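K.L.:
Give me a 3D structure for the following:
(chains A and B)
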Amino acid sequence: GQNIDQPTEMTATEGAIVQINCTYQTSGFNGLFWYQQHAGEAPTFLSYNVLDGLEEKGRFSSFLSRSKGYSYLLLKELQMKDSASYLCAVLASGGSYIPTFGRGTSLIVHP
Amino acid sequence: DVKVTQSSRYLVKRTGEKVFLECVQDMDHENMFWYRQDPGLGLRLIYFSYDVKMKEKGDIPEGYSVSREKKERFSLILESASTNQTSMYLCASSLQGTGNTIYFGEGSWLTVV
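P.N.:
Below you'll find the predicted structure:
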């Protein structure tokens, strides 16, 4: 089976930094996605990690440790528009193209 | 620009009705997916297709069927809608092969009364 855990909800202040964690236990590993989803809208792609380490993309960075089954999404210089749900999704067994999604973390950014 | 289009944004149907949710992608993607999203449960895979006329069950296929007669179109069918199928339905597509980004449609909000 597959198990993906994320915190349900987080709050942060505008301008601050927030780290959203994702831990996973899967049969094999073939990469991890982060998606952003605003209320009532479709999820949009943020990042994909398949190798250990940090990938930076503007204000957003994503980190992966395969040995620990752990990833985080780091959001810097938070803006009000960053209030959204953040979904972690894992590609499990070799060759799989079907991600399994976590339940998502609802991030609330307040002034 | 990539585009996954779901035909209906909001639907209200009666219990027992047959419901069709249509999805079209213009990216020539091989893979297409149907998910439902419910509060506290996240995204759950209903069915997926990796080629025309091919389909595979996901995690929660009961009460649903799908059709993929053309590469760009993937339809989700509720043969006899029930109130527990009230949900947001998301269609998605991706290129064949692992690690490719999955692109989502805007979602269809279905209410069964």
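K.L.:
quick one: secondary structure of the closest residue to B:Met88 other than its chain neighbours?
P.N.:
Of all residues not flanking B:Met88 in the chain, B:Gln37 sits nearest, at 4.7 Å (CB to CB, 6 or more residues apart in numbering or on different chains). For every residue, glycine as well, the C-beta is placed using N, CA and C. Secondary structure, DSSP: H, G, I helix; E, B strand; the rest coil: B:Gln37 is strand.
K.L.:
looking at it, B:Glu56 is touching B:Tyr50, isn't it?
P.N.:
Yes: counting by CB atoms under 8 Å, B:Glu56 does reach B:Tyr50; the two are 7.3 Å apart.
K.L.:
which one of those two has more residues nearby?
P.N.:
Comparing B:Glu56 with B:Tyr50 by other CB atoms under 10 Å in any protein chain shown, the one with more neighbours is B:Tyr50, at 16 against 12.
K.L.:
And the pLDDT for the more buried one?
P.N.:
Note for B:Tyr50: predicted pLDDT of 91.
K.L.:
ok, now A:Thr100?
P.N.:
88.
K.L.:
buried ones in stretch B:74-83?
P.N.:
B:74-78, B:81 (16 or more other CB atoms under 10 Å in any protein chain shown).
K.L.:
ok now do the residue nearest the centre of chain B, which residues does it touch?
P.N.:
In chain B, the C-alpha closest to the average C-alpha coordinate belongs to B:Trp34, at a distance of 2.8 Å (CA atoms, centre = their mean). Shown in contact with B:Trp34 (CB atoms under 8 Å, 6 or more residues apart in numbering or on different chains): B:21, B:23, B:45-48, B:58, B:64, B:66, B:74, B:76, B:89-92.
K.L.:
again, only this time at 10 Å
P.N.:
B:6, B:21, B:23, B:45-49, B:55, B:58, B:61, B:64, B:66, B:74-77, B:89-92, B:105, B:108 (CB atoms under 10 Å, 6 or more residues apart in numbering or on different chains).
K.L.:
try B:Val4
P.N.:
Counting by CB under 10 Å, 6+ apart, B:Val4 makes contact with A:42, B:23-27, B:29, B:32-33, B:72, B:74, B:90-93, B:102-106.
K.L.:
Just the buried residues of those.
P.N.:
A:42, B:23-25, B:29, B:32-33, B:72, B:74, B:90-93, B:102-105.
K.L.:
can you pull the pLDDT of residue 19?
P.N.:
In the absence of a named chain, chain A is used. Looking at A:Gln19, the pLDDT reads 98.
K.L.:
my bad, chain B
P.N.:
97.
K.L.:
picking up where we left off before, may I see the buried residues of stretch B:74-83 arranged in JSON lines, with secondary structure and pLDDT as well?
P.N.:
Listed next are the buried residues of stretch B:74-83 as JSON lines, based on DSSP: H, G, I helix; E, B strand; the rest coil; pLDDT from 0 to 100:
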{"residue": "B:Phe74", "secondary structure": "strand", "pLDDT": "97"}
{"residue": "B:Ser75", "secondary structure": "strand", "pLDDT": "97"}
{"residue": "B:Leu76", "secondary structure": "strand", "pLDDT": "98"}
{"residue": "B:Ile77", "secondary structure": "strand", "pLDDT": "98"}
{"residue": "B:Leu78", "secondary structure": "strand", "pLDDT": "97"}
{"residue": "B:Ala81", "secondary structure": "coil", "pLDDT": "97"}
